[in-house]
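Novice: Quick one: sequence and predicted model below, then my questions.
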Amino acid sequence: MPDDVAWHFIGPLQSNKAAQLVKRCFPKLACIETISTIKLAAKLNRAVDSWNEESSGEAKKLGIYIQVNTSGEETKSGVTPGAEVCDLVKQISEECPSLSIDGLMTIGAPGDDSCFDTLAECRDEVAKVLGREPQELDLSMGMSGDFEVAIAKGATSVRVGSTIFGARDYSNLAK
């Protein structure tokens, strides 16, 4: 892999695995896109602090995206739009100086494009909490089936693994 590749971690991350992930992958690990609790943020912050203490260079920050459950589906992870996302962002910005809140992420309900609008509205609210311009925060939304709509609605990052690599093979899970 070239030296300038920067990885985004997408998917559930158990807080007890945070230190291991940072130790093995940072600073090539540019961002973790699935932060929805202060517990996980605090563990990542401590891990980045430890990495910085052990490295001889300039202290680095780990980028994070806050995962927002824009669809309200119980099967989806993330904080709720509105007060909950704003409260979490405020807490992380105050308590986790080794993390950089770089954006928001959602996995919307299939066929419900309003989830993209909701995330864009959340970005405006979060930007106010952070004292930043909304365009300074990325929006990670849209997957292989709806990335064109997501881009039209403001996505700066899309997840298109199935388009690139083909559909997942779940046949080994049936056993």
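Specialist: Cool, the structure landed. Numbering: from 1, shown residues only.
Novice: now what about the helix or strand of the chain with the lowest mean pLDDT, what contacts it?
Specialist: Every helix and strand in the chain was compared by mean pLDDT, DSSP states H and E; the lowest is helix 161-165, with a mean of 70. Outside helix 161-165, the residues within contact range by CB atoms under 8 Å, 6 or more residues apart in numbering are 143-145, 147, 168. For glycine as for every other residue, the C-beta is placed from the backbone atoms N, C-alpha and C.
Novice: show me what contacts the most centrally placed residue in the chain?
Specialist: By CA atoms, centre = their mean, the chain has its centre lying nearest to residue 33, at 1.7 Å. Neighbouring residues of residue 33 by CB under 8 Å, 6+ apart: 8-10, 64-65, 67, 103, 105, 140.
Novice: Could you give the backbone dihedrals for it?
Specialist: phi -90, psi 10 (degrees, to the nearest 10).
Novice: picking that back up, save the contacts of helix 161-165 as CSV, and put in secondary structure and neighbour count too.
Specialist: Below are the contacts of helix 161-165 laid out as CSV (DSSP: H, G, I helix; E, B strand; the rest coil; neighbours: other CB atoms under 10 Å):
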residue, secondary structure, neighbour count
143, strand, 16
144, coil, 14
145, coil, 13
147, helix, 17
168, coil, 9
